[in-house]
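Task: produce atomic coordinates for the following.
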Amino acid sequence: MYRAILLLPFVILTISIPFLALANNDQDEIDTILNLKTSPFGVVFEIVEGDDNALRWAIPQVAKFSAQLKAKFPDIGIAVVTHGKEQFALMTQDKGKYRAVHKIVKSLTQNQDIPVHVCGTHASWFGKKKEDFPSYVDVTPAAPTQIRHYEDMGYEKIVLDQPQNHQ
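Have a look, this model is predicted:
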């Protein structure tokens, strides 16, 4: 009985380890990259949410993570691909409603050379076309193909997950 009690913490820890790996958040993924001795070729951030307002938290996260990555690896490539309902916040007609999001995206694309892609296929399902987005947003024919292209070049993919305080 005494040995069983002594072994209990080790058993609990052994059972918990796989679940701890699932608890990683986006910052953990960034920290893992920041702890590398050499930079990966790049990082592509994937955003795919069913929430119209998701870019209000996701784009500031991208800006924060990009700054962290560029501080350690100045030459790292960074890209953003958004291909859920949230991508429509980047339409020209919504510049006023999503002013802060557009301001950050414009800064990412024009000042930091970080492309922001939306999915043309997804847009077309809702009757939207390339001309419905501002020039600083790239409408790619198919977001999954765009992501694979980045991965083929050596980019690490990070799927942004909605932080708990934004649910």
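
can you pull the contacts of the residue nearest to the spatial centre of the chain?
With distances taken as Cα atoms, centre = their mean, F45 lies nearest the centre of the chain, 3.1 Å away. In this structure, F45 makes contact with A58, V62, F65, I78, A79, V80, V81, I158, L160, judged by Cβ atoms under 8 Å, 6 or more residues apart in numbering. For glycine as for every other residue, the C-beta is placed from the backbone atoms N, C-alpha and C.

got a pLDDT number for the closest residue to I114 other than its chain neighbours?
Nearest residue to I114, sequence neighbours excluded (Cβ to Cβ, 6 or more residues apart in numbering): L108, at 4.2 Å. At L108, the predicted lDDT confidence score is 98.

before we move on, the earlier item: may I see the contacts of F45 organised as TSV, with secondary structure and neighbour count added?
Below are the contacts of F45 laid out as TSV (DSSP: H, G, I helix; E, B strand; the rest coil; neighbours: other Cβ atoms under 10 Å):
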residue	secondary structure	neighbour count
A58	helix	28
V62	helix	25
F65	helix	21
I78	strand	21
A79	strand	25
V80	strand	26
V81	strand	25
I158	strand	19
L160	coil	22
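
any idea where the helices of the protein begin and end?
2-22, 26-34, 55-72, 99-111, 120-125, 143-152 (DSSP state H).

Most tightly packed of these?
Ranked by mean neighbour count, those are led by helix 55-72 with a mean of 18 (mean count of other Cβ atoms under 10 Å).

sorry, back to before: worst mean pLDDT among the helices of the chain?
helix 2-22 (a mean of 38).

give me the beta-bridge partners of V139?
V118 (DSSP bridges).

rewinding a little: save the contacts of F45 as a markdown table, and put in distance to S124 too.
Formatted as a markdown table, the contacts of F45 follow (distance: Cβ to Cβ, whole Å):
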| residue | distance to S124 |
| --- | --- |
| A58 | 22 |
| V62 | 25 |
| F65 | 30 |
| I78 | 27 |
| A79 | 21 |
| V80 | 20 |
| V81 | 16 |
| I158 | 26 |
| L160 | 24 |
